Structures are given as structure tokens and as C-alpha cells.
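1. any chance you can model this:
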Amino acid sequence: ADHRIEVSGMSMERRSFSVEELKSALATRTVTAVLQCAGNRRTDLQQVAKTSGDPWDVGAIGNAEWTGVRLSDVLDAVGAPDASDLFVAFTGADEVDVEGEEASFGVSIAMDKARQPDVLIAWAMNGEPLTPEHGAPLRMVVPGYAGVRSAKWLTRIEVRETPSDA
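-> Coordinates of the predicted model:
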């Protein structure tokens, strides 16, 4: 109930939103989308050559109905610029090991993708509230991109001139 995401960046108002504020302030949308880890079947690839990342077998893929608000509506609510040469970065609450050092998980997408109507900040999956393993309380859903771009446990959204350096 007290989780908030911060939205900030270039030439825009810095704001934070709770799940309830997102639900009450913006139109709710539902999108059906397949999310697949870029490492799906990586164990098979490693039989040919060494790869980086977790050695997923088959099954790092799923289709679901996601409910939330359009990222573009949130960006509009805070006055984010709409220039196609910008990026939108997402930070999750999880920590990852980067060459032996702990760092916050982060990714980004181009502004053009961020403005697509099927890109959501989601709080529900298949009509039920998200569970922790699926990114509760809020996660990004970025259809058409590798699942890594659909950041879980969302804490921050930032409009930037460069892609995420996470």
C-alpha cells in the first residue's frame, strides 16, 4: 500500500505515484502479451558456444493479460518531452551482480517505444493482483521486446538523453 514509483527526468515535473494514485488518476488498460526471456533455451546455445547469463532451459516464456496504465499517460501527466531521440529508463528494486559488484537492476527503451499504447505499468496479471514473482506491486510490460525490458518491482522511471547505463 505504501509502495511508490518516482518519475523524473529532463524538463519535467518530478512526481511519485502509489498504485492507488495510478488507478484513480489515469485510464486503466488491459493488454494481452507474450513475454520471453532473451535467455530462453540458453542451455541449448551453450552446447554450441559459451554464452553469458543464466542457463535457462525451455519455458522462460509466457502469455498473459496485463492490466495497468499506459506508460505514455504517465509521461504525459508529468509533462515529459516527446522527442524521438530520448530514452525512458526503468529501475527495479532488485539488486543484481555485475562483475562481482551489486547494482540496482535497470533497463531502458527508446521514447518511440515508450509512447506505444501497449506499453504498460502493470499491477495485475490475468485479472489478479501481481504476485512478487511476477513483479508486484508494479512492473513494466513492454510487448515485442525481450522480457528483460519488462522490469519487475518498479521503483523509478526516468526520461534521459542516453540509454540506461545499468
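2. count residues in the vicinity of the residue nearest to Val7 when sequence neighbours are not counted, would you?
-> Residue nearest to Val7 in three dimensions, not counting chain neighbours: Ile157, with 4.7 Å by C-beta to C-beta, 6 or more residues apart in numbering. Placement of C-beta: from N, CA and C, glycine included. Ile157: 27 surrounding residues under other C-beta atoms under 10 Å.
3. repeat for the one 4 residues further on
-> Around Glu161 sit 10 other residues, with neighbours defined as other C-beta under 10 Å.
4. on that earlier part again, same for the helix or strand where the residue nearest to Val7 lies, what does it pack against?
-> Assessed by DSSP states H and E, Ile157 sits inside strand 154-160. Applying 3 or more C-beta pairs under 8 Å, 6 or more residues apart in numbering; DSSP states H and E, we find strand 154-160 packed against strand 4-9, helix 71-77, strand 87-98.
5. chain center to stretch 141-156: distance?
-> 3 Å (C-alpha atoms, centre = their mean, to the nearest Å).
6. now do the buried residues in stretch 92-110.
-> Neighbour counts over stretch 92-110 (16 or more other C-beta atoms under 10 Å) mark 92-93, 105-109 as buried.
7. quick one: mean pLDDT for that stretch?
-> Averaging pLDDT along stretch 92-110 yields 89.
8. repeat for stretch 144-156
-> Taken as a whole, stretch 144-156 has an average pLDDT of 93.
9. over to stretch 30-48?
-> On average, stretch 30-48 scores 84.
10. what are the buried residues along it?
-> In stretch 30-48, counting by 16+ other C-beta under 10 Å, buried: 31, 33, 35-37, 39-42.
11. residues in contact with it?
-> With C-beta atoms under 8 Å, 6 or more residues apart in numbering as the test, stretch 30-48 has contacts from 51, 53-67, 118, 120, 141, 143, 146-148, 150.
12. let me see the ranges of the helices in this structure.
-> Along the chain, the segments classed as helices by DSSP state H run 19-25, 42-45, 71-77, 111-114.
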